[in-house]
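Enquirer: sequence unavailable; structure follows:
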Ligand SMILES: [Zn+2]
């Protein structure tokens with residue numbers, strides 16, 4: 001994996017962690033019905049650090065979109081074929097990383 005690829009995936013991990021925080025807060029404050037009906041503005045988890053595109057999803061849709069930690073939720077067209085492959089392409093695009101620049105404990109590897 002090149003430094004550029006690592007940096008772009010690190011950007012995606014930052015966006016994903018913002019969405020995970022939003023999900024936790026939504027689960028705290030929304031009742032059962034609202035979790036399935038109230039659209040939240042999650043953020044596009046693409047590699048462009050300047051991307052501000054919202055992903056309007058209910059928290060239930062968000063929870064059902066990702067199958068494993070290598071998958072990221074993107075606005076359609078924001079995927080980059082050298083670091084990820086498209087798994088699903090609907091209202092949102094779900095991509096899966098070929099590889100994550102992570103250590104065993106889930107942290108980013110330090111830069112060499
Ligand atoms: Zn994006």
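Expert: Now that the structure is in, tell me what you want to look at. A quick note: this is a predicted structure, and the numbers were derived from the prediction, not measured.

Enquirer: show me the residue at the heart of this structure, geometrically.
Expert: Nearest to the mean C-alpha position of the chain, by CA atoms, centre = their mean, lies residue 72 at 3.5 Å.

Enquirer: what's the mean pLDDT across the longest helix anywhere in the chain?
Expert: The helix that spans the most residues within the chain, counting by DSSP state H, is helix 3-29. Taken as a whole, helix 3-29 has an average pLDDT of 94.

Enquirer: that helix near the ion at all?
Expert: No. Taking CB under 5 Å from the ion as the criterion, helix 3-29 and the ion are apart, separated by no less than 8.0 Å. Yep, even glycine has a C-beta here, placed from its N, CA and C like the rest.

Enquirer: please pull up the helix or strand immediately following that helix.
Expert: Per DSSP states H and E, the first helix or strand lying C-terminal to helix 3-29 is helix 32-37.

Enquirer: tell me which residues of the helix or strand following that following helix are tucked away?
Expert: Downstream of helix 32-37, the first helix or strand assigned by DSSP H and E is strand 40-43. Judged by neighbour count using 16 or more other CB atoms under 10 Å, the buried positions of strand 40-43 are 40, 42-43.
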